[in-house]
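S.K.: here is the input, now give the coordinates:
(chains A and B)
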2 protein chains.
Amino acid sequence: MMTIEGSHGSEPGNANGTIRMTKLLPTIKSPADLRKLDHGQLPLLAEEIRSRIIDVVGKNGGHLASNLGVVELTMALHYVFDFKYDRLLWDVGHQAYVHKLLTGRNERFDTLRKAGGISGFPNIDESEYDLFNVGHAGTAIPTAVGMARGASLMNETRRVVAVVGDASIFNGVAFEGLNQAGVLRRQLLIVLNDNSMGIAPTQGGMAEYLAKFRVSPVYEELKRGVKRYLPQVPLIGKAAFGALDHVKEALKATISPHQIFEQLGFVYVGPSDGHDVHHLIELMEALKDADHPILLHVHTQKGKGAEWATAEPTKFHSPKPFKVEGCRVEIQSGGRSYTAAFADALIRVAMEDKRVFALTAAMPDGTGLNKFQQVFPDRFLDGGIAESATVDIAAGMCKAGMRPVAAIYSTFLQRAFDQIFQEVTLQGLPVIFGLDRAGMVGGDGPVHHGFMDIAYLRALPRMVLMAPGDGEEIECALRLALTLDTACAIRYPRDSVPDSLYGKIAPPAFELGRSVLLREGADATILAYGAPCRAALDAAAALSAEGIETRVVNARFAKPIDREMVAEALSRGTPVITVEDHSVLGGFGSAVLEVAQELGLPTTQVILRGMPADDFVPHGPRASQLAQCGIDAAGIASAVREALDGAAGIVAGSAVLGTGITKIAG
Amino acid sequence: MMTIEGSHGSEPGNANGTIRMTKLLPTIKSPADLRKLDHGQLPLLAEEIRSRIIDVVGKNGGHLASNLGVVELTMALHYVFDFKYDRLLWDVGHQAYVHKLLTGRNERFDTLRKAGGISGFPNIDESEYDLFNVGHAGTAIPTAVGMARGASLMNETRRVVAVVGDASIFNGVAFEGLNQAGVLRRQLLIVLNDNSMGIAPTQGGMAEYLAKFRVSPVYEELKRGVKRYLPQVPLIGKAAFGALDHVKEALKATISPHQIFEQLGFVYVGPSDGHDVHHLIELMEALKDADHPILLHVHTQKGKGAEWATAEPTKFHSPKPFKVEGCRVEIQSGGRSYTAAFADALIRVAMEDKRVFALTAAMPDGTGLNKFQQVFPDRFLDGGIAESATVDIAAGMCKAGMRPVAAIYSTFLQRAFDQIFQEVTLQGLPVIFGLDRAGMVGGDGPVHHGFMDIAYLRALPRMVLMAPGDGEEIECALRLALTLDTACAIRYPRDSVPDSLYGKIAPPAFELGRSVLLREGADATILAYGAPCRAALDAAAALSAEGIETRVVNARFAKPIDREMVAEALSRGTPVITVEDHSVLGGFGSAVLEVAQELGLPTTQVILRGMPADDFVPHGPRASQLAQCGIDAAGIASAVREALDGAAGIVAGSAVLGTGITKIAG
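M.R.: Numbering: from 1, shown residues only, chains lettered A, B, ... in the order given. Here you go, the predicted structure:
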């Protein structure tokens, strides 16, 4: 479990390349133990941490390259600050593995991303050192501003530190936070972890700007040896300042990418070598008692310590489980994904229609659009971690006559809700959204579940909402979308595509607001929206073996919903089960209820299946998450059986009625 | 109607202060007519435009100070560019009155903000010169980037111009757009309209940074006469460049706030006097054929041309109708608003609880919090036009032990949807949101209606949604909110508070998930959520006079909804009408339907009243908008009568069923 055989490409520089028998990491039960180590032991600990991460991520999958890049930085932070009292915020949070290993979670680290195990992101239920459950980018700075002001108002002297990547720091909300942070009249340390990468290479003008400094002679000089310096401004704790007087000279020759941050009111320090733990400790000691916001710019390398990861940081950003054999690394391959099916379909329609333009927000790999980019380099835009602006760019392009298709994860599209309202639907612009990772996402858990897109998009006038029932239907949905004169969203999960719903024949073309009957059956009806169609068919097959014949409908549309289909189902007098990989609040099932009310049809026989109303489904395998919500084949079959037993709706309902009045639910 | 008697404080500088008999404005049917004028006539036209705006806004209410500030800028833009082909985008859009007057809408301008009249914002149905219906800030730059890239892809040479205020340009989405704009390899002109104000004074580090340049000697010198200059970079159209060679010298002495924009890849020009129309025309002529993004920084004065407006630009940002009498200006006063009731209630609870902290996003006046700020200056934060960061700051404060209350308009809170998800509800933090302008907003129309907040907030686990039924209930709701351990939103409209629902007795305290029965009645039940309670009571009174006795429930909660109350209403076998000032999709009515389904109760007698599913309700008086949606007293009474006539639900439903299948609805 705790191999340190150095199967990962070991870099020199830590001096000690031999296998050691005494392990430091198991002795670190809390940051206090870290502070007991000699400085000389820290590089050895760094090596052990890297081994541990490579080992566990190799087995469980997870975020690799970003964590290997912040080993020394995280050690230095916990060495200098005491985050039992001081406050540490990780932006995005996928780079918090080292932090977890140093804050008492080494022993449980093998359970990373597993059900009931350690989360892949900071988690407030896991440790007092984790302050916010995060996963979306750009929020650490404004949150830190709030915590800093809050601490001051509570008359507490807690120091506040936020670690933010170079792709995140110019995200809209991060920038808004910087704009507020610079005017704080107290300590606040923002560490800019600059690895020149988000998940993909960082985008935009600021990226080009930071890149200039990466290749600047100053930084090269710094790497060669001038590793100790201090800002020239007299804002640093006096004691530290005196002690470090002798290094000030080294600083004088330095020019740096300071302007933008200084304009915002920060004292800028850097750029600094983020893999020199001694230097980082010295620097943070000097900075920690400042009475003014400081931006510390640190250069790190994604995948540091594993050559294969530094060579392909995007591939090793968040790999599936992998095996390292000498120089070869083999990543477990999954089945064909919905993502790949979407990307391939988009390429095919783009071949036929020159107006098709693909956009992503920092996820060219995650959305499969890297493939599209290779085929149509001029018809592709990566907007960076900036979903809001990316949607607006799409809206502008659409207005200009193009047919933009923006592929964005469901959970991240929440960032662009207002843009979809104002710049897209209020204009009647037919922008197409590909909502990847819609539904439960497995190991990433609550911070990434796409469980609200139907609810928040459904209220938008004239928005069309579709969900293909299998991989092949994605292309049908896209083809319909391209004929519409109104915005539309196509949702699909983070999953492998199932066997075709139609066997060997092609799926019927999508018609606006028309569902497809997949199977007849007299005893009950399942209305399945999107990916759960396959499970619904499987449930029907299992029920049939028991003598229960279930009708299965592939709803295809949540809006406009197929009213005829709803009317048909509700008029039969047999149970109707709606199934969606989404919250039961305001989703597809609610749309069915609304139509029923409008048509004056009874809903007493309807059962809604989806994510529970008031719980976040924890991380774990997607299959278990689906089972937990009762939207796998077994759960759907049970729902049908219960409904046929007659009592389900009313008895369960009464039970809730008796106890639920003052409970937060519904 | 077209008074130019100079009742507004006239500024010197336009030379001609006498009353002229020939009017220029009526001759401007399109920008082509503007271009026929001599340069010498332009200041006279500017004066007429100001008169016209003051006259119409004085009668109809509307955005005043911002429009008076952009008269010369707008004239110069239409003089130099041809926006029949070129593209002009207004950020926010409340400053587009001058643009409307110059693009054929002078004659209809008296109908500003009236039902069926000219919209207070750019409107694509009004004119080919209006490209986007906007009202929310920060979107023009990314939209312009999309239009610019789109035009290039369509092989069109359209020039693209975006006008953005200094408060908006550092909004998150604007900044994300700047980050993409700087790397464009084509013409793009961003005009930074810097008046040192958003609606309130601009906030944050960037505001302080821009302020430095406002008071710099360079700018003062510029105002004194060095009014012609060009950037030194060789990126400007060659012809223009040659012609203007002689002014380059003047530029050399200039230092400017260029860094941040140049870092983003722009060529920076400015700051320039935004009230010198000749200078602006010359400048834009020189810049219009650049093959690279340019940021033109222009200084303007909010309220220019009316001393009383320049003196109090916040008061005259968006006044109600007013009268100018000599030096005195009297603004029509409305009744006591929900906004004032909220602010007063917040002050009272803050007196008792030191943890209460108030936040707003650029709307200290609009949310009434300017009053709170006066009482508790240290417990107030204006986050600027940055709803996302403001919510995160609130989350951080809450985590630090404070009880933050963020008052943000419902429509603008859409910008922070993802932050409410991740930084607030996923942490279980009890941040309190005051959703001002929830429901229909009257003259501002679709860009500002708060019609989706219930739908998008309801899907968030453990979120509490309340709506006070009258002004006094706001304080009750706030007091309950402060006892909760979970996030909550309190919605209230842009309206005057009605007579108390309880006559002279105090409203009963709020209990989580408990409704209040306002009136008994055996024939039908009205479940009213929030402000429509008063109309529901009035409807019940009118119905009673006809012999129909209606039960009226003040629902108070959309989540957790009072399940006992819903069960009671649905079990009676009489019609149930849900009433909300919100979309019928996914709102309070849908929550009632969901509970009914869960409890196994019939919904065939339920009627949902709210904003129609697939239309944006146009601007006009709020009262008419409520009537249009059938949620005023008359509409609610009709709904009850129809329901009692028995046929309502089913007949209307069948009609829809027959025709609605391929229609976008539902």
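S.K.: what residues of stretch A:186-206 count as buried?
M.R.: Going by neighbour count (16 or more other Cβ atoms under 10 Å in any protein chain shown), the buried part of stretch A:186-206 is A:187-206. The way it works is simple: take the backbone N, C-alpha and C, and place the C-beta from them, glycine included.
S.K.: ok now that stretch, how far from the chain's centre?
M.R.: 17 Å (Cα atoms, centre = their mean, to the nearest Å).
S.K.: state the mean pLDDT of that stretch.
M.R.: The average pLDDT within stretch A:186-206 is 82.
S.K.: tell me the residues of the stretch 451-600 of chain A that contact chain B?
M.R.: Neighbours of chain B within the stretch 451-600 of chain A, by Cβ under 8 Å from any Cβ of the partner chain: A:451-452, A:455-456, A:458-462, A:464, A:486, A:511-514, A:559-564, A:567, A:583-587, A:589-591, A:593-600.
S.K.: which residues sit against stretch A:347-359?
M.R.: Identification of contacts with stretch A:347-359 by Cβ atoms under 8 Å, 6 or more residues apart in numbering or on different chains yields A:346, A:369, A:371-373, A:375-376, A:379-383, A:390, A:393-394, A:397, A:401-407, A:475, A:478-479, A:482, B:153.
S.K.: among those, which ones are in helices?
M.R.: A:346, A:369, A:371-373, A:375, A:390, A:393-394, A:397, A:475, A:478-479, B:153 (DSSP state H).
S.K.: can you give me every residue that contacts residue A:589?
M.R.: Residue A:589 neighbours (Cβ under 8 Å, 6+ apart): A:578, A:580, A:606, A:608-610, B:594.
S.K.: and of the ones in helices among the contacts of stretch A:347-359, the nearest to residue A:159?
M.R.: residue A:390 (35.1 Å; Cβ to Cβ).
S.K.: report how many residues lie close to that closest one.
M.R.: 34 (other Cβ atoms under 10 Å in any protein chain shown).
S.K.: that one reaches residue A:383, doesn't it?
M.R.: Yes - between residue A:390 and residue A:383 there is a contact under Cβ atoms under 8 Å: 3.2 Å.
S.K.: what sits in contact with each of the two?
M.R.: Joint contacts of residue A:390 and residue A:383 (Cβ under 8 Å, 6+ apart) are A:359-361, B:176.
S.K.: before we move on, the earlier item: now, of the contacts of stretch A:347-359, which are buried?
M.R.: Buried among these by 16+ other Cβ under 10 Å: A:346, A:369, A:371-373, A:376, A:379-383, A:390, A:393-394, A:397, A:402-407, A:475, A:478-479, A:482, B:153.
S.K.: pull out the buried positions in stretch A:612-622.
M.R.: In stretch A:612-622, counting by 16+ other Cβ under 10 Å, buried: A:612-614, A:616-620, A:622.
S.K.: and stretch A:377-384, average pLDDT?
M.R.: The model assigns stretch A:377-384 a mean pLDDT of 95.
S.K.: so what's the nearest residue to residue A:528 once chain neighbours are set aside up against?
M.R.: Spatially, and ignoring its direct neighbours in sequence, residue A:528 is nearest to residue A:536 (4.0 Å; Cβ to Cβ, 6 or more residues apart in numbering or on different chains). By Cβ under 8 Å, 6+ apart, residue A:536 lies in contact with A:518, A:526, A:528, A:552, A:579, A:633, A:636.
S.K.: all the strands of the stretch 301-450 of chain A, residue numbers only.
M.R.: A:322-325, A:328-331, A:356-360, A:380-382, A:403-409, A:432-436 (DSSP state E, counting those that start in this stretch).
S.K.: can I get the ones you listed in a markdown table with distance to residue A:415?
M.R.: As requested, those are arranged in a markdown table below (distance: least, Cβ to Cβ, whole Å):
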| stretch | distance to residue A:415 |
| --- | --- |
| strand A:322-325 | 30 |
| strand A:328-331 | 29 |
| strand A:356-360 | 13 |
| strand A:380-382 | 15 |
| strand A:403-409 | 8 |
| strand A:432-436 | 13 |
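S.K.: and the furthest pair within the ones in helices among the contacts of stretch A:347-359?
M.R.: A:393 and A:475 (24.7 Å).
S.K.: gap between the closest residue to residue A:107 other than its chain neighbours and residue A:119?
M.R.: The shortest distance from residue A:107 to any non-neighbouring residue, by Cβ to Cβ, 6+ apart, is to residue A:26 (7.8 Å). According to Cβ to Cβ, to the nearest Å, residue A:26 stands 21 Å off from residue A:119.
S.K.: higher neighbour count, these two?
M.R.: Per other Cβ under 10 Å, whichever of residue A:26 and residue A:119 has more neighbours is residue A:119, with 27 against 12.
S.K.: picking that back up, just the buried residues of stretch A:186-206 that are near chain B?
M.R.: Applying Cβ under 8 Å from any Cβ to the buried residues of stretch A:186-206, those adjacent to chain B are A:203-206.
S.K.: which strand or helix spans the spatially closest residue to residue A:459 that is not a sequence neighbour?
M.R.: Closest residue in space to residue A:459, ignoring its immediate chain neighbours: residue B:455 at 3.9 Å, by Cβ to Cβ, 6+ apart. Residue B:455 is part of helix B:453-458, with elements assigned from DSSP states H and E.
S.K.: please apply the same query to residue A:517.
M.R.: Judged by DSSP H and E, residue A:517 forms part of strand A:516-519.
S.K.: now swap in residue A:548 and tell me
M.R.: Per DSSP H and E, there is no helix or strand for residue A:548.
S.K.: correct me if wrong: it contacts residue A:640.
M.R.: Yes - applying Cβ under 8 Å, one finds residue A:548 in contact with residue A:640, separated by 6.5 Å.
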